[in-house]
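Undergrad: sequence first, then the predicted structure, then my questions.
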Amino acid sequence: MLELKGDIELADIRKGACVAIGNFDGLHLGHQALVRAAIEDARAAGSPSGLVTFEPHPKSVFQPEQPLFRLTPPRLKAALARCLGVDFCAAIPFDRQLAAVEAEDFVERYLVRALGISHIVSGYDFHFGKGRRGSPSLLQELGERFGFGVTVVEQVTREDGTSPYSSSSVRAALHAGNIDQANAQLGYRWTVVGEVIRGDRRGHTIGFPTANIMLDPGMEPCHGIYAVRVRDLSGDRQKMLMGAAYFGWRPTFDTDRVFLEVFLLDFDSDLYGHELAVEFVDMIRPDQKFHDLEELVAQMKRDCDDIRQRLDEDLSAADASPLLAAQFSGSLYEELKPG
């Protein structure tokens, strides 16, 4: 993802683009409506399309003591957007100094001078600038002044028509272990990307060696066992592996920190230092404490049987949406370039 600074012109970005703007954490189906609108407007005008976002997330700047459960770090967000069809993704560095910029100055400095946009797409509730005074109606006024078009996308609701798509509702579903609900709002399998680190090798001693992945602070879905699909981003990105993932405190061993551990089925190679993408398909059971290792191992064997069946059933969902298809084909992970 390109870093967009208001005081310079980036040669990498083509002028006259039609862009969708927002935080886009999760890039859920509501966000995707904005991206599709930007792509359609760009095609009609024969101009490039882009996604413009903010990094870090504003909540992380104003509430640093409360780690945010980020659904999509910058690289993953950009990869998802590119799979939807945008020509580029750019991040505006967000800090308290940017938050103090007047809305009119923000538009002139970043959107007009640095990007040279021809059209902008925003959500109905997009606010920006000092005191969040900027709004879609102000964007329309400034568009007339500076010569760019504005499309405002109204609230996008779920299929039941009763509630809107939102990043907070996706987080709530993940906290509750409702993976199906979270994935239905995302339009793809919620995915964690991280490097495999050395653990205490306890899994090796009981016949279930795991890849331990360091997570960002605040990332905390419901503790338990999950059916996952895994891609080795440091190796063969096209090969889809099946796995059993554990997220929790390891209550049987009385540990004091949270783990994401992935046991790969039918796989036996050293992955230390590799970067993995882990897609969460379903939650199998909540975390629990066992009386002894024998009871734990017996349950883990049953979990793996359940996970194989669940992942086999999931193959029928490959064409359910463009981003889900990109996950199954591996094209999403080709977009996940390092750095």
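TA: Looks like it arrived, so ask away. Residues are numbered from 1 along each chain as shown.
Undergrad: okay, domains of this protein per the record?
TA: Domain assignment for the chain by automatic domain parsing gives 2-153, 178-334.
Undergrad: got those domains as CSV, with distance to Thr162, mean pLDDT and mean neighbour count columns?
TA: In short, each C-beta sits where N, CA and C put it, glycine included. Output for the domains of the chain, formatted as CSV (distance: least, C-beta to C-beta, whole Å; pLDDT from 0 to 100; neighbours: other C-beta atoms under 10 Å):
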stretch, distance to Thr162, mean pLDDT, mean neighbour count
domain 2-153, 14, 91, 19
domain 178-334, 13, 85, 17
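Undergrad: need the contact list for the nearest residue to Gly16 once chain neighbours are set aside.
TA: Of all residues not flanking Gly16 in the chain, Ser118 sits nearest, at 4.4 Å (C-beta to C-beta, 6 or more residues apart in numbering). Applying C-beta atoms under 8 Å, 6 or more residues apart in numbering to Ser118 gives the contacts 16-18, 45, 47, 148-149.
Undergrad: closest to Ser163 out of the domains of the chain?
TA: domain 178-334 (9.7 Å; C-beta to C-beta).
Undergrad: start and end of that closest one, how far apart?
TA: One end of domain 178-334 sits 28 Å from the other (C-alpha to C-alpha, to the nearest Å).
Undergrad: any idea which element Leu138 lies in?
TA: Counting by DSSP states H and E, the element that carries Leu138 is helix 136-146.
Undergrad: using PDB, list the CA coordinates for the following helix or strand past that helix.
TA: Sequence-wise, the next helix or strand downstream of helix 136-146 (DSSP H and E) is strand 149-153. This file holds the C-alpha atoms of strand 149-153, laid out as PDB (Å, rounded to 0.1, in the frame of the first residue of the first chain):
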ATOM      1  CA  GLY A 149     -17.400  14.600  -8.800                       C
ATOM      2  CA  VAL A 150     -18.900  13.000  -5.700                       C
ATOM      3  CA  THR A 151     -20.900   9.800  -5.200                       C
ATOM      4  CA  VAL A 152     -22.400   9.100  -1.800                       C
ATOM      5  CA  VAL A 153     -23.300   5.500  -1.100                       C
END
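Undergrad: other SSEs contacting strand 149-153?
TA: Applying 3 or more C-beta pairs under 8 Å, 6 or more residues apart in numbering; DSSP states H and E, we find strand 149-153 packed against helix 29-45, strand 119-123, helix 136-146.
Undergrad: show residues contacting the second one.
TA: By C-beta under 8 Å, 6+ apart, the residues outside strand 119-123 that reach it are 17-22, 30, 34, 37-38, 41-42, 45, 47, 111, 136, 139, 143, 148-153.
Undergrad: so the nearest residue to Phe146 once chain neighbours are set aside, which state does it fall into?
TA: Leaving aside its sequence neighbours, Phe146 sits nearest to Val112 (C-beta to C-beta, 6+ apart; 4.9 Å). At Val112, secondary structure determined by DSSP: H, G, I helix; E, B strand; the rest coil is helix.
Undergrad: Val112 and Asp105, how far apart?
TA: Per C-beta to C-beta, to the nearest Å, Val112 is found 10 Å from Asp105.
Undergrad: circling back: could the helices and strands packed on strand 149-153 be laid out in JSON lines, adding distance to Arg198?
TA: Listed next are those as JSON lines, based on distance: least, C-beta to C-beta, whole Å:
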{"stretch": "helix 29-45", "distance to Arg198": "36"}
{"stretch": "strand 119-123", "distance to Arg198": "43"}
{"stretch": "helix 136-146", "distance to Arg198": "49"}
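Undergrad: these: which one's closest to Met219?
TA: The nearest among those, by C-beta to C-beta, is helix 29-45 at 19.1 Å.
Undergrad: distance check, the residue nearest the centre of the chain against Leu323.
TA: In the chain, the residue lying closest to the centroid (C-alpha atoms, centre = their mean) is Thr72, at 2.3 Å. Distance, Thr72 to Leu323, using C-beta to C-beta: 11 Å.
Undergrad: which residues are in contact with each of the two?
TA: Residues touching both Thr72 and Leu323 (C-beta under 8 Å, 6+ apart) are Leu80.
Undergrad: before we move on, the earlier item: pick the one among the contacts of Ser118 closest to Asp232.
TA: Closest approach to Asp232 among these (C-beta to C-beta): Ala17, at 34.1 Å.
Undergrad: and the residue nearest to the closest one when sequence neighbours are not counted, its phi and psi?
TA: Of all residues not flanking Ala17 in the chain, Pro48 sits nearest, at 4.3 Å (C-beta to C-beta, 6+ apart). Here is the backbone geometry of Pro48 (degrees, to the nearest 10): phi -70, psi 160.
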